[in-house]
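Colleague: Sequence isn't available, so here's the structure alone:
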């Protein structure tokens, strides 16, 4: 990642960055038959990469989801949206859903809710796993001694907490 500074000195993402380049972690997506997790930030994607999962967010966080070209995962069979547990996170999740719901290959599109964490994300969940109690949330989990225990705990959590897309998201409002 190369920092970008605009003419006014503000840092951020270049305004002219192509839409297909606004996805972080596409190099982790190597098998469209396995789940692709859409998370809210690069840190969360990096944590899931360390556990061996395919995970992507839009560059720049929740405010940039509408600028990303999500069609790069159109061939994915399973897409799990894993938002931060706050209003912004759920707004991001719904926006992502609006952009991926029409992909013909996606047969399993669900949300993984982290309801026990007020404003929390998947990194908060992982740091609560006893075996990862010393993990700082940034270091790679690829070689962490508790990697397999953390992966097992996350898979169990996922099996128990994957939810269907909220009904309100599928509701269509028209003038008539």
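Modeller: Perfect, thanks for sending it. Bear in mind that the values here come from a model prediction, so they are computed numbers and not experimental data.

Colleague: Could you give the number of residues near residue 39?
Modeller: Close neighbours of residue 39, defined as other CB atoms under 10 Å, add up to 31. For every residue, glycine as well, the C-beta is placed using N, CA and C.

Colleague: Bridge partners for it, pull those for me.
Modeller: residue 82 (DSSP bridges).

Colleague: In contact with it: list those residues for me.
Modeller: For residue 39, the contacting residues are 45, 48, 55-57, 82-83, 121-122, by CB atoms under 8 Å, 6 or more residues apart in numbering.

Colleague: Quick check: closest non-adjacent residue to residue 164.
Modeller: Counting by CB to CB, 6 or more residues apart in numbering, residue 110 is the residue found nearest to residue 164 once chain neighbours are left out, at 6.1 Å.

Colleague: Provide the secondary structure category for the one you found.
Modeller: Per DSSP: H, G, I helix; E, B strand; the rest coil, the local secondary structure of residue 110 is strand.

Colleague: Turn the contacts of residue 39 into CSV, columns for neighbour count.
Modeller: CSV is the format used below for the contacts of residue 39 (neighbours: other CB atoms under 10 Å):
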residue, neighbour count
45, 24
48, 23
55, 25
56, 26
57, 28
82, 27
83, 28
121, 22
122, 29
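
Colleague: show me where the protein has strands.
Modeller: Along the chain, the segments classed as strands by DSSP state E run 4-5, 11-12, 36-39, 54-56, 78-82, 108-112, 162-164.

Colleague: who's in contact with the fourth one?
Modeller: It stands for strand 54-56. Contacts for strand 54-56 (CB under 8 Å, 6+ apart): 23-26, 28-31, 34-39, 44-45, 48-49, 73.

Colleague: about what we covered before: for residue 144, see how far away the residue nearest to residue 164 is.
Modeller: Note on residue 110: its distance to residue 144, by CB to CB, to the nearest Å, is 27 Å.

Colleague: again, but for residue 117
Modeller: Note on residue 117: its distance to residue 144, by CB to CB, is 21 Å.

Colleague: residue ranges with poor pLDDT in the chain?
Modeller: 1-6, 10-21, 172-173, 176 (pLDDT under 70).

Colleague: Show me the residue sitting in the middle of it in space.
Modeller: Most central in the chain under CA atoms, centre = their mean is residue 39, positioned 1.2 Å from the mean C-alpha point.

Colleague: for the residue lying closest to residue 154 once chain neighbours are set aside, what are its contacts?
Modeller: Nearest residue to residue 154, sequence neighbours excluded (CB to CB, 6+ apart): residue 51, at 6.4 Å. Counting by CB under 8 Å, 6+ apart, residue 51 makes contact with 141, 147, 150-151, 154.

Colleague: Distance to residue 128 and neighbour count added to the residues you listed, as JSON lines?
Modeller: As requested, the contacts of residue 51 are arranged in JSON lines below (distance: CB to CB, whole Å; neighbours: other CB atoms under 10 Å):
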{"residue": "141", "distance to residue 128": "14", "neighbour count": "20"}
{"residue": "147", "distance to residue 128": "16", "neighbour count": "17"}
{"residue": "150", "distance to residue 128": "10", "neighbour count": "22"}
{"residue": "151", "distance to residue 128": "15", "neighbour count": "18"}
{"residue": "154", "distance to residue 128": "11", "neighbour count": "19"}
